[in-house]
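# what follows is a predicted structure for the sequence shown.
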Amino acid sequence: MFIWWLVQLSRTATTDSIEINEHHYTVETLQQTSILLTKNPEYYTIWNFRRLILQHQLSLPGTDSSEQSASDQIVSMIKDDLQFLLPLLRSYPKCYWIWNYRLWLLGEASRLLPLSTAHGFWQEELALVNKMLSFDDRNFHGWGYRRFVVEKLEILAPTESMTQKELDYTTKMIRSQLSNFSAWHNRTKLIQTLLDERGASDDERKNKLDDELELIHQALIDPYDQSLWFYHQNLMCTFDPALSAQAIAPNLTDSERLDYIRREKEAIEDMLEGAESCKWIYLGLMNCTLLQTKIERSLSRNAKQDVTRWLHELIKLDPKRRGRWLDFEESFNAWQ
Ligand SMILES: *[C@@H]1O[C@H](CO)[C@@H](O)[C@H](O)[C@H]1NC(C)=O
Ligand SMILES: *[C@@H]1O[C@H](CO)[C@@H](O)[C@H](O)[C@H]1NC(C)=O
Ligand SMILES: *[C@@H]1O[C@H](CO)[C@@H](O)[C@H](O)[C@H]1NC(C)=O
Ligand SMILES: *[C@@H]1O[C@H](CO)[C@@H](O)[C@H](O)[C@H]1NC(C)=O
């Protein structure tokens, strides 16, 4: 009987003229609209009616007085209704009313739920619409809908952390002027804070380390700039077992460390070309080799020859510290 009435309504009434008593906003009538809409989702009046019923139910105070459970109830009502729409969307992907109704539901989620919960709903929606579009990429409604979801997500996105903004600022400063000691210096701290804030995994930390090594290699096109070597040295601490606990990626294995050091050595050797009089390069190479020795706990004959050769370059290029390098050479010769 009621269904007959709804069908009549859908044929004759416009949204404005619907005046339905609140007594009809029940779980039962909701189910009846489900039956009708499953048969024919083009009954837009029924969609409007469903909207009124749900709106009413969402506004009912939770049976439990605690706020948590009220919002849980809203979450489950919205979830159920989104779920109801899924098979309809699959059968009628081009029916405007279904998409329209879904948007309204998600809007209710934004309006009634905490930001992070609402954001979750929209994120799942994006995944869903992406999936649907992968089956049918000519669905016009689908694309329009997707654009809308993306916009909403941008608005709802949890605000970017201040640390990320400051880090971006140092990147900008570095890009405009490589030699900015303060920017490189801040970067070291900011990256640590950011990784901690995010509870970054070992893999994420390793990726960050790779990014930073790439950035500093690009910058070291000018190897005469000491502030760059300062940052490079900072990254190299990651490979020093005695210092790595405070570094970007604290949990590398020794063999990973040795791989990294080998690659760094190659990168630094490449810098020598055209910059043979740059003392930082010899220092960098020496540091790499000494670190390698420390991890391997043995000094190969090649390594010994290399270090001696680089020390001699340093003695030539850095006369002010000549005494220091000679002292170092003496103690180094005693190592064996
Ligand atoms: C380095 O960055 C700071 C911002 O902290 C900026 O004020 C300064 O002008 C920059 N220095 C150079 C040489 O670009
Ligand atoms: C580095 O940090 C100091 C103090 O926090 C700040 O004043 C400066 O602007 C920062 N520089 C850069 C380049 O981020
Ligand atoms: C590194 O290893 C330590 C000790 O095994 C562990 O507690 C920690 O979760 C690991 N990962 C990071 C990122 O520190
Ligand atoms: C070499 O290592 C020393 C000692 O850790 C450090 O002070 C120096 O900055 C490093 N030099 C380079 C070029 O990496």
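It's in. Ligands and ions are numbered 1, 2, ... in the order given.

# does stretch 156-172 come close to ligand 2?
Yes - applying CB under 6 Å from any ligand atom, one finds stretch 156-172 in contact with ligand 2 at 166, 169, 170. The way it works is simple: take the backbone N, C-alpha and C, and place the C-beta from them, glycine included.

# do you know how far the first one is from residue 209?
Residue 166 sits 19 Å away from residue 209, taking CB to CB, to the nearest Å as the criterion.

# where in the stretch 101-250 of the chain is pLDDT low?
Filtered on pLDDT under 70, the stretch 101-250 of the chain yields the residue ranges 158-161.

# residue ranges for the strands of the stretch 151-300 of the chain, please.
For the stretch 151-300 of the chain, no strands turn up when DSSP state E, counting those that start in this stretch is the criterion.

# quick one: name the residues of it near ligand 1.
For the stretch 151-300 of the chain, the residues in contact with ligand 1 (CB under 6 Å from any ligand atom) are 173, 177, 180, 182, 183.

# apart from its chain neighbours, what residue comes closest to residue 139?
Leaving aside its sequence neighbours, residue 139 sits nearest to residue 93 (CB to CB, 6 or more residues apart in numbering; 5.5 Å).

# with neighbour count and distance to residue 248 added, can I get the residues of the stretch 151-300 of the chain next to ligand 1 in JSON lines?
Shown next, in JSON lines, are these (neighbours: other CB atoms under 10 Å; distance: CB to CB, whole Å):
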{"residue": "173", "neighbour count": "16", "distance to residue 248": "20"}
{"residue": "177", "neighbour count": "9", "distance to residue 248": "24"}
{"residue": "180", "neighbour count": "17", "distance to residue 248": "20"}
{"residue": "182", "neighbour count": "10", "distance to residue 248": "19"}
{"residue": "183", "neighbour count": "21", "distance to residue 248": "17"}
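
# take these and keep only those in helices.
173, 182, 183 (DSSP state H).

# quick one, helices of the stretch 51-200 of the chain?
Counting by DSSP state H, counting those that start in this stretch, the stretch 51-200 of the chain has helices at residues 67-91, 96-112, 115-135, 140-156, 162-176, 181-197.

# now do the stretch 201-336 of the chain
Ranges of helices in the stretch 201-336 of the chain, per DSSP H, counting those that start in this stretch, are 202-219, 226-236, 254-271, 279-296, 301-317, 322-333.

# the ones you listed into JSON lines, with extra columns for mean neighbour count?
Below are the helices of the stretch 201-336 of the chain laid out as JSON lines (neighbours: other CB atoms under 10 Å):
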{"stretch": "helix 202-219", "mean neighbour count": "16"}
{"stretch": "helix 226-236", "mean neighbour count": "19"}
{"stretch": "helix 254-271", "mean neighbour count": "16"}
{"stretch": "helix 279-296", "mean neighbour count": "20"}
{"stretch": "helix 301-317", "mean neighbour count": "15"}
{"stretch": "helix 322-333", "mean neighbour count": "13"}
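
# residue 48 is nearest to which of these?
Checking the helices of the stretch 201-336 of the chain against residue 48 by CB to CB gives helix 202-219 as the closest, at 47.3 Å.

# find the residue closest to residue 140 in space, skipping its chain neighbours.
residue 94 (7.5 Å).

# kindly tell me how buried that neighbour is, as a neighbour count.
Neighbours of residue 94 under the rule other CB atoms under 10 Å: 13.

# and what of residue 220?
Using other CB under 10 Å: residue 220 sits among 23 other residues.

# gap between the closest residue to residue 238 other than its chain neighbours and residue 239?
For residue 238, ignoring the flanking residues on the chain, the nearest one in space by CB to CB, 6+ apart is residue 247 at 3.8 Å. Using CB to CB, one obtains 8 Å as the distance from residue 247 to residue 239.

# middle-most residue in this structure, spatially?
With distances taken as CA atoms, centre = their mean, the chain has residue 198 as the residue nearest its mean C-alpha position (9.2 Å).

# which bits of the protein sit near ligand 2?
166, 169, 170, 173, 182, 183, 186.

# try 8 Å
166, 169, 170, 173, 180, 182, 183, 185, 186, 187, 190 (CB under 8 Å from any ligand atom).

# okay, the residues you listed in a markdown table with distance to residue 297 next?
Shown next, in a markdown table, are the residues of the chain next to ligand 2 (distance: CB to CB, whole Å):
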| residue | distance to residue 297 |
| --- | --- |
| 166 | 40 |
| 169 | 42 |
| 170 | 37 |
| 173 | 41 |
| 180 | 38 |
| 182 | 38 |
| 183 | 37 |
| 185 | 33 |
| 186 | 36 |
| 187 | 32 |
| 190 | 34 |
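
# can I get these in a markdown table including distance to ligand 3?
Formatted as a markdown table, the residues of the chain next to ligand 2 follow (distance: CB to the nearest ligand atom, whole Å):
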| residue | distance to ligand 3 |
| --- | --- |
| 166 | 22 |
| 169 | 25 |
| 170 | 22 |
| 173 | 28 |
| 180 | 29 |
| 182 | 28 |
| 183 | 25 |
| 185 | 23 |
| 186 | 22 |
| 187 | 19 |
| 190 | 17 |
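
# and these, which is closest to residue 228?
For the residues of the chain next to ligand 2, the nearest to residue 228 is residue 180 (10.0 Å; CB to CB).

# excluding chain neighbours, what is closest to that closest one?
With CB to CB, 6+ apart as the criterion, residue 180 has its nearest non-adjacent residue at 5.1 Å, and that residue is residue 173.

# good, we can wrap up now.
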